[in-house]
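In: Kindly return the folded structure for what I paste below:
(chains A, B, C and D)
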Number of protein chains: 2
Amino acid sequence: MKISTKGRYALRVMVDLALNGTDEFISLKDISIRQEISNKYLEQIIAMLNKAGYVESTRGNNGGYRLKKKPEEYIIGDILRATEGELTPIFCLTENGNCPRKENCKTYSFWSGLDKIINEYVDSKTLADLIK
Amino acid sequence: MKISTKGRYALRVMVDLALNGTDEFISLKDISIRQEISNKYLEQIIAMLNKAGYVESTRGNNGGYRLKKKPEEYIIGDILRATEGELTPIFCLTENGNCPRKENCKTYSFWSGLDKIINEYVDSKTLADLIK
DNA sequence: TGAATTCATACTATTTTAGTAGTATAATAA
DNA sequence: TTATTATACTACTAAAATAGTATGAATTCA
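Out: Just a heads-up that it's a prediction; the model follows:
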């Protein structure tokens, strides 16, 4: 059970923006150098954050990205879900809508419980918690 | 973040054994029919459980598998780790031993916390909890 | 002996991951 | 207006993981 680089890098980008860009726009180039992540790969990742409305951008000279809201208003779970998709390890629920074995499956409530604690955890932290 | 079929099927096999085989050995064929999982794929999965010492087997006619211990003595986390490997979503720790960015990485303790609650959860349940 | 079963490998098709590459488009400063 | 700096979009790709199949040998019971 692993979270991919998308979610991990996305979190680092958001942290980077929170720490380095209070007002002005920050170029991806700067972020990619600081974070040691390929500029091209970061483009894809930040595009998802942009579409989700978590960052805003301007083009052109001195362009770049910056946060749209205050760090304490970003829930980590939202950032991860925007880049990773569903965080649930429960296939029974997500795979094809609903597992037909669900009713008699003795493992169902176990997985359901795991899903619950994972989501509760990631939704209990904000970006502000990470940077302080 | 998903748990693969290995861990999911392994859990179902263990539950099946706990429910259907108290004393006698149960053939994989029976389990695969009940669980609707390919016999051949189950062979691989139960082989891991066998190597881990969680089940015992006999070959030949009327051979099969049965649990070695009582259901309440099996911790779900152990079963999952035996088939999935590490359950941690934290690459920072596992990937190459240790992430060099660890010290300054603002996301590290977040992932570490996620790892902790996941492992605490799976280690708090036994096979007996599932079958009752 | 013969049927049923585990055990041990090897093989394979598909999907996901983790990027790279190239081009187009837009905005700004000088 | 022009050079520069940046984002936006679309393909492509190598490697790894996933989810199985296939084959055959070894073992046991009747």
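In: Which residue is most remote from the mean position of chain A?
Out: Centroid-distance maximum for chain A: residue A:104 at 34.5 Å, with CA atoms, centre = their mean.
In: where does chain A have low pLDDT?
Out: Using pLDDT under 70 as the threshold, the predicted model of chain A has low-confidence ranges A:1, A:21, A:90-98, A:103.
In: Against residue B:15, how distant is the residue farthest from the centre of chain A?
Out: Separation of residue A:104 from residue B:15 (CB to CB, to the nearest Å) stands at 11 Å. No exception for glycine: its C-beta is placed from N, CA and C like everyone else's.
In: what does chain A have sitting close to DNA strand D?
Out: Contact residues of chain A with respect to DNA strand D, defined by CB under 7 Å from any atom of the strand, are listed as A:27-29, A:40, A:43-44, A:46-47, A:50, A:57, A:59-65.
In: can you pull out the strands in chain A?
Out: Listed from the start of the chain, chain A has strands (DSSP state E) covering A:55-58, A:64-67.
In: In a markdown table, list the ones you listed along with distance to residue A:83.
Out: Rendered in a markdown table, the data for the strands of chain A read as follows (distance: least, CB to CB, whole Å):
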| stretch | distance to residue A:83 |
| --- | --- |
| strand A:55-58 | 12 |
| strand A:64-67 | 15 |
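In: Any idea which of those gets closest to DNA strand C?
Out: Taking CB to the nearest atom of the strand, strand A:55-58 is the member of these nearest to DNA strand C, at 5.3 Å.
In: Outside of the closest one itself, which residues are in contact with it?
Out: With CB atoms under 8 Å, 6 or more residues apart in numbering or on different chains as the contact definition, strand A:55-58 has outside contacts at A:14, A:17, A:25, A:46, A:49, A:50, A:63, A:64, A:65, A:66, A:67, A:68.
In: from the chain's centre, how far out does it sit?
Out: Taking CA atoms, centre = their mean, to the nearest Å, one finds the center of strand A:55-58 at 17 Å from the center of the full chain.
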